[in-house]
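J.: Quick check, what structure comes out for this input:
(chains A and B)
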There are 2 protein chains.
Amino acid sequence: MSIEKVNQFVQSDLEIVERRLLERAANLYEFVDQAAQHVIKGGGKRLRPILTLLSARAAGCSGGAMYDLAAAMELIHIASLVHDDVIDESPLRRGQETLNAKFGNKVAVLVGDYMHARVLAVLVACKAGEEVFEAVAEATQSMCEGEVIHAYQAREFELKLDEYLQVIELKTARLMSCSCRIGALLGTAGAKAVEALAAYGHAVGMAFQIVDDVLDMIGEESAFGKPTRNDLREGKMTLPAMYFRDNCSPEERARLRELMLADERSPEEAEWIVQRAEAKGASKYALKVAADYTEQANECLKALPESGAKEALIHLARGLAVRDR
Amino acid sequence: MSIEKVNQFVQSDLEIVERRLLERAANLYEFVDQAAQHVIKGGGKRLRPILTLLSARAAGCSGGAMYDLAAAMELIHIASLVHDDVIDESPLRRGQETLNAKFGNKVAVLVGDYMHARVLAVLVACKAGEEVFEAVAEATQSMCEGEVIHAYQAREFELKLDEYLQVIELKTARLMSCSCRIGALLGTAGAKAVEALAAYGHAVGMAFQIVDDVLDMIGEESAFGKPTRNDLREGKMTLPAMYFRDNCSPEERARLRELMLADERSPEEAEWIVQRAEAKGASKYALKVAADYTEQANECLKALPESGAKEALIHLARGLAVRDR
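T.: Numbering: from 1, shown residues only, chains lettered A, B, ... in the order given. So this is what the prediction gives:
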């Protein structure tokens, strides 16, 4: 089962989520509505709702609140992207004008806040239990913490592996873990299955973010769908750059240090870093770390009974680790 | 009982809330913690927690979750101010550097989001019931809607009274109503008392925002603690300006229209508007509308048994209607 097959497997569920997303973010006030619909229609991988849907099904649930919970997870993700775009002053996302570019920062900040408010309303409306609220509170808090720390570690040339892993855990893995957990909580498979799926989501999230960081360094802008080399541009150390730093000659290290700590790096300087890092096997190393997380993720699924959804989760994890966008 | 006496009445409760606020917003990560504490220590009237505390006590509750719920209401308010300051690029609030000025927009947007995440965590931790979550979801959503609509009605010279009232309801009154409602829900006084206190909070919120709009036009910057004439500077119609618009000569109206629709207004032009509006009794009219809401608020309290807290709520409403800051 390839990642395309995973998508086929979830397609009909995902269509329902897509409609729910638009419905749940709809607003009486035309302008709020227009802004929210613009950003939802911008699309995306819908990875978090897929995790919720597949986890729910893998845990024996077959409907009900899973569509709304999946939509809520995507709203959290979209709200964070909307605020990211304000922070980074990004004009485009997935080839479309960002909210800040189209309507200004004011609307973008407020519509991000509005989506968070809608998440709460959706959770209330589908009578989500205490465990769901707790998981969502923890995941959204972690996301903010991760982003703040990430912003402040930006210029930390000596960033350690555990510090890097902590940031990607906070920034990405916990929301993916939460997406799986709240899906699994709807099922009948019990607490062990819930923890197994949450652990799966966590490991998938770690792998996903590492691959994202590799694609940011060596991916093709046309395939990735957004500008690449952002991290290098901002002087941020990620796993492949850290590997290069720790596996190069003293001269290369000194040059890398100088380049990363400079106010900015020219495209030629970024190119030098990428070429030298690749010559040392930086992205190969990082993708191996991601692959280990992927295997760890799929290990977690052994606790679950066989099902189409479980199989889809296994292939989803593998597919995400070898994607090019 | 003057507003000072109200403050004396709630002082010891409010000290507990103040500590809770700092504790509940505390963070393991030094930088997140520092930013959150900075903005909380900036102070404020703590009006929303006061409403929660007094409503809880007026409904027969005497402790427990009321401190955390009060702190959560203030966190929602503070988060909205943090995002407002980003949107308006404000350097100062209450004489202190804003988060965006001190740490940049990135941190300010994220710390606002972090506070919203903490609100959810606090509500979960104090085992708030469904009605509390529902009220908070509705109030936070309304706040965002109100801010977006407010931003877009900015240049609406012909703004109608009901449109103005709708915006201040969304922007301000619903969170105050929610603050009262969730306090009242902790009490033993029953559903009628809850609705009475929620209606009180709504009317107090309407009065509060109208007075705020009057103070923005005619208040003393030194007493008000923030720059005045913001609404005029931004070309926003508020109740006193609308009264002037509807009660002046055709020549004055034409000049007002021209001034309000211009890209900006000089201090002399703003002064002309204020002087002419005052000559027509604009702020007197607006304060009368506010006073009517205040009386309406206190009317609602008749449904409640006598208590010190009820008396404090009555004086709080009256005090807010005649404040100069």
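J.: Wait, A:R46 touches A:E74, no?
T.: Yes - assessed by CB atoms under 8 Å, A:R46 is found in contact with A:E74 at 6.1 Å. The C-beta positions use only the backbone N, C-alpha and C, and glycine is treated the same way.
J.: Now A:L304: phi and psi?
T.: Dihedral pair for A:L304: phi -100, psi 150, per degrees, to the nearest 10.
J.: Now do it against chain B, distance only.
T.: 27 Å (CB to the nearest CB, to the nearest Å).
J.: what's the answer for A:A65, then?
T.: 14 Å.
J.: Repeat that for A:S12.
T.: On the measure of CB to the nearest CB, A:S12 and chain B end up 29 Å apart.
J.: give me the number of residues near the residue nearest to A:L256 when sequence neighbours are not counted?
T.: Nearest non-adjacent residue to A:L256, counting by CB to CB, 6 or more residues apart in numbering or on different chains: A:R245, 5.9 Å away. A:R245 has 21 neighbours, counted by other CB atoms under 10 Å in any protein chain shown.
J.: contacting residues for A:K236?
T.: If a contact means CB atoms under 8 Å, 6 or more residues apart in numbering or on different chains, then A:K236 has A:H150, A:Q153, A:A154, A:R155, A:N230 as its contacts.
J.: Neighbour-wise, which one of those residues leads?
T.: Ranking these using other CB under 10 Å puts A:H150 first, with 19 neighbours.
J.: With adjacent residues omitted, what lies nearest to it?
T.: Per CB to CB, 6+ apart, closest to A:H150 is A:V167, 5.1 Å.
J.: From chain B, how far out is that neighbour?
T.: Going from A:V167 to chain B by CB to the nearest CB gives 10 Å.
J.: can you tell me which residues contact that residue?
T.: A:V167 makes contact with A:G146, A:I149, A:H150, A:Q153 under the criterion CB under 8 Å, 6+ apart.
J.: Would you map the strands across chain A?
T.: Secondary structure of chain A, counting by DSSP state E: strands at A:92-93, A:96-97.
J.: I'd guessed A:M115 sits against A:V32; true?
T.: No - using CB under 8 Å, A:M115 makes no contact with A:V32, being 10.4 Å away.
J.: who has more neighbours, the two?
T.: Using other CB under 10 Å as the criterion, A:M115 and A:V32 rank with A:M115 on top: 27 against 24.
J.: the helices in the stretch 101-250 of chain A, which residues?
T.: Listed from the start of the chain, the stretch 101-250 of chain A has helices (DSSP state H, counting those that start in this stretch) covering A:105-125, A:130-153, A:161-168, A:174-185, A:191-218, A:221-224, A:230-233, A:239-246, A:250-261.
J.: ok, and which of the ones you listed has the densest surroundings?
T.: helix A:174-185 (a mean of 29; mean count of other CB atoms under 10 Å in any protein chain shown).
J.: okay, that helix in CSV with CA atoms only?
T.: C-alpha atoms of helix A:174-185 as CSV (Å, rounded to 0.1, in the frame of the first residue of the first chain):
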residue,chain,number,x,y,z
ARG,A,174,2.7,16.4,20.1
LEU,A,175,-0.1,17.7,17.9
MET,A,176,0.2,14.6,15.7
SER,A,177,0.2,12.4,18.8
CYS,A,178,-2.8,14.3,20.1
SER,A,179,-4.5,13.8,16.7
CYS,A,180,-4.1,10.0,17.0
ARG,A,181,-5.0,10.0,20.7
ILE,A,182,-8.3,11.7,20.4
GLY,A,183,-9.3,9.5,17.4
ALA,A,184,-8.3,6.4,19.4
LEU,A,185,-10.3,7.6,22.4
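J.: Now do that helix against helix A:191-218: the angle between them, please.
T.: Interaxial angle of helix A:174-185 relative to helix A:191-218 (axes from the mean of the first three to the mean of the last three CA atoms, to 10 degrees): 150 degrees.
J.: The stretch 101-250 of chain A against chain B: which residues are in contact?
T.: A:105-107, A:109-114, A:116-118, A:120-121, A:123-124, A:127, A:130, A:133-134, A:136-138, A:140-141, A:143-145, A:147-149, A:151-152 (CB under 8 Å from any CB of the partner chain).
J.: hmm, which helix or strand of chain A has the shakiest average pLDDT?
T.: Ranking every helix and strand in chain A by mean pLDDT, DSSP states H and E puts helix A:221-224 at the bottom, with a mean of 70.
J.: Tell me who's in contact with A:M66.
T.: So, once contact is read as CB under 8 Å, 6+ apart, A:M66 ends up touching A:D13, A:T52, A:L53, A:A56, A:R57, A:G183, A:L186.
J.: The same query, at a cut-off of 6 Å, please.
T.: Residues near A:M66 by CB atoms under 6 Å, 6 or more residues apart in numbering or on different chains: A:A56, A:L186.
J.: so does stretch A:85-98 get close to chain B?
T.: Yes - shown here: stretch A:85-98 in contact with chain B (CB under 6 Å from any CB of the partner chain) through A:I87.
J.: got the buried residues for that stretch?
T.: For stretch A:85-98, the neighbour count (16 or more other CB atoms under 10 Å in any protein chain shown) marks A:D85, A:V86, A:I87, A:S90, A:R93, A:E97, A:T98 as buried.
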